[in-house]
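Undergrad: My questions are about this predicted structure, shown below with the sequence.
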Amino acid sequence: GPVEDILARTPERVLPENRDLLEVVHRNGQRLLRLVNTLLDFSRIEAGRMQARYEPVDLAAVTAELASVFRSAIDKAALDFQVDCPTLDEPVHLDRGMWEKVILNLLSNALKFTFDGSIGVAVHREGDHAVVTVADTGIGVPAAEMPRLFERFHRIENAHSRSNEGSGIGLALVQELVGLHGGTITADSTEGAGTRFTIRLPFGTAHLPADLLAPAATSIPVPGSVDPYVQEALRWLPLHDQGGPDVAPHPGQAGETGAPAGSGLTVSARVLVADDNADMREYLGRLLIDAGYQVDTVTDGQAALDAVRESAPDLLVSDVMMPRLDGLALVGALRADPGTASVPVLLLSARAGQEASIEGLHAGADDYLVKPFAAAELLARVRANVEMARLRTHHARWRTALVDSLQEAFFVCDADGAVIEINTAFTDILGYDTDGLPYAPIHPWWPATTDAAAHQQVANAFENLLDQTQGSYTIPVTHRDGHRLWVSVTFNHARDPDSGRVVTVGTFRDVTDEHYAIQRDSALASLSTHLAQATTLTEALTGAIAQLRDLWRARSVLAVIFDHPDDPTLWTTDSSLTWSRLPAEQREILTDMCQRPLLTPFTEHVGAGVLLKHPDGPLALWIDLGPDRPFTSE
């Protein structure tokens, strides 16, 4: 009452932030009052002292009116709401207050477990009974749970719902109240397709106590229990997309760094809050923002897992009972993923006692706090967990910074040879980043199998890496964009002091320019030696093209001089070839290129070959790499 009086005051008499807090108090006071009244109803029913007043009513009109108050929530959930309540030909004797609880409980239940499709309410007559149905296209009830559906305090574990809150007494109360009217309620359900509740109420008064009958009311009383049901249902439907992160703006109340006052943190800490209760979620966010933290909020465990994987927070504050993925399963999923295993987690739960807290800590949580809690205790635990996490990760972050500062590429392989850690230089050289980790063998930078020699060279080096405790080698690799590189690799085996597992730690540097410089020098030296030993032009050219064939690992090499336009002189490593036996397209390309005036040396990749021509001489070269051989800058 006093809270409602304050909320009724004019805006200038109540500050907006105080009004928000009072509305939370009022909503949760209503929820608590409804729960207490439900428990009292059970007590009265069991003691035979339930006060009822059965009056003749238009069942269809009363039911349609109660259903209509849920339309706003159902429309907001983007569900189709079908109300089919034609007037019956005679009244049904009801206690209006009890009937409100019956319909509102069933509609609340339908909305909680229905995510798409429709909810329907219908009234019709079957013989001596009025029949009321409340149907939905929600998740349905597993067949094994159907016998216990109306059992008091029974809840279906891990059911996909808009909220995991609830005491498991709603349907039990509905069954008791329908029974007090001399009626029955049954349920039919198909898992994944929906549920239908059917209530049968007899006409007449023979089934009711005569002393509890009353004449029809001259005026229809205003329903007293409607608002708490609807307000709670609306809180299941946040303005933001269901499951997506709500980013709470950071007001910067703790100075430029955004660190909580007195926290000792030198940089702002980001906290992710996961709770399916909108009031609790907003309350936690407000507390943490006022303390100077940056806050993101999500509505269930699956959304929290997705958000942490996208961007790890400094701390996750999570409820235990949540839809889609509960807090304990969330912690398990985080700890099982190397990318999120170190994220600190503070679990919140209404389950008190040692067993509950032990279960949370065994699941991998860093801390466990029982609701209700004092704001000061929550903030103290948040601060302690953020500080401890940063102390634990300081060494790891410092090591990462050192590794990333290396100019040489750094990598770590597990016992199977999968690359599980790399640094920035690795990405700069090969183009592969941390998003693709782990890189399992055969690694994506190995040369393609079409380049058999290079592929085998890397395969041999990989075997040495696994079998030998240390070593070094120079191998060809393929950049992510496809071009060829040569790298010089050095590696050592190391043993993890905690797990005892053996890993391979290695570095490499790009030696492509050095490799080709050595290759060119060697080729020139070999060619010079051969030319010096040649006594004729034929010996010089024949030996030179043989050197080129070996250097390029080519299928064949030919040299042509257009001393006679129709029948140029040809030298080739394939003795079976003559000018006339060359493919017409190849002869045309050679002729066109040699007759074209050149200012600079000319190289062109044509089909399976490479064409070379220098402007100072009449000689053209054709190096045939074969149809499956990739051409590279070498």
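TA: Done, it's in.
Undergrad: Any idea how many residues pack against Met50?
TA: For Met50, the count of nearby residues is 18 (other CB atoms under 10 Å). From N, CA and C alone the C-beta is placed, and that goes for glycine too.
Undergrad: Please read the previous query as pertaining to Asp80.
TA: If we define neighbours as other CB under 10 Å, then Asp80 has 12 of them.
Undergrad: Report the contact partners of Gly140.
TA: Applying CB atoms under 8 Å, 6 or more residues apart in numbering, we find Gly140 in contact with Ser189, Thr190, Glu191, Gly192, Ala193, Gly194, Thr195.
Undergrad: wait, Leu212 sits on Tyr54?
TA: Yes. Proximity of Leu212 to Tyr54 meets the contact threshold set by CB atoms under 8 Å, at 5.5 Å.
Undergrad: Have a look at those two and say which one is more surrounded.
TA: Between Leu212 and Tyr54, counted using other CB under 10 Å, Tyr54 has the larger neighbour count: 22 against 16.
Undergrad: Surely the more buried one touches Leu94?
TA: Yes. Counting by CB under 8 Å, Tyr54 does reach Leu94; the two are 6.4 Å apart.
Undergrad: shared neighbours, the two?
TA: His181.
Undergrad: ok, and the most crowded of the contacts of Gly140?
TA: Using other CB under 10 Å as the neighbour test, those are led by Thr195, with 24 neighbours.
Undergrad: bridging residues for it?
TA: Asp136, Ser189 (DSSP bridges).
Undergrad: For it, list the residues it contacts.
TA: Applying CB under 8 Å, 6+ apart, one finds that Thr195 lies in contact with Ala110, Phe113, Ala135, Asp136, Gly138, Gly140, Val141, Ala187, Asp188, Ser189.
Undergrad: do you know how far the closest residue to the first one other than its chain neighbours is from Glu585?
TA: It refers to Ala110. With CB to CB, 6 or more residues apart in numbering as the criterion, Ala110 has its nearest non-adjacent residue at 4.0 Å, and that residue is Asp136. According to CB to CB, to the nearest Å, Asp136 stands 72 Å off from Glu585.
Undergrad: So which of the two has more stuff around it?
TA: The neighbour comparison of Asp136 against Glu585 (other CB under 10 Å) goes to Asp136, with 26 against 10.
Undergrad: in the stretch 301-450 of the chain, which spans are helices?
TA: In order along the chain, the stretch 301-450 of the chain carries the following helices (DSSP state H, counting those that start in this stretch): 301-310, 327-336, 354-362, 375-405, 424-430.
Undergrad: which ones are touching Arg381?
TA: Contact criterion CB under 8 Å, 6+ apart gives Leu346, Asp367, Leu369 as the residues in contact with Arg381.
Undergrad: cool, Leu619 as well?
TA: Applying CB under 8 Å, 6+ apart, one finds that Leu619 lies in contact with Ala559, Val560, Ile561, Lys613.
Undergrad: ok, 7 Å please
TA: Applying CB atoms under 7 Å, 6 or more residues apart in numbering to Leu619 gives the contacts Ala559, Ile561.
Undergrad: Quick check: phi and psi at it.
TA: Summarising the backbone geometry of Leu619 under the convention degrees, to the nearest 10, its torsions are phi -90, psi 130.
Undergrad: does Asp300 really touch Pro323, like I thought?
TA: Yes. Look at Asp300 against Pro323 with CB atoms under 7 Å: they come within range, at 4.9 Å.
Undergrad: okay, and the common contacts of those two?
TA: Both Asp300 and Pro323 are contacted by Asp276, under the criterion CB under 7 Å, 6+ apart.
Undergrad: I'd like to know how far Leu284 sits from Gln470.
TA: As for Leu284, its distance to Gln470 is 52 Å (criterion: CB to CB).
Undergrad: The two: which is more packed in?
TA: Neighbours were tallied for Leu284 and for Gln470 using other CB under 10 Å; the higher tally belongs to Leu284 (24 against 13).
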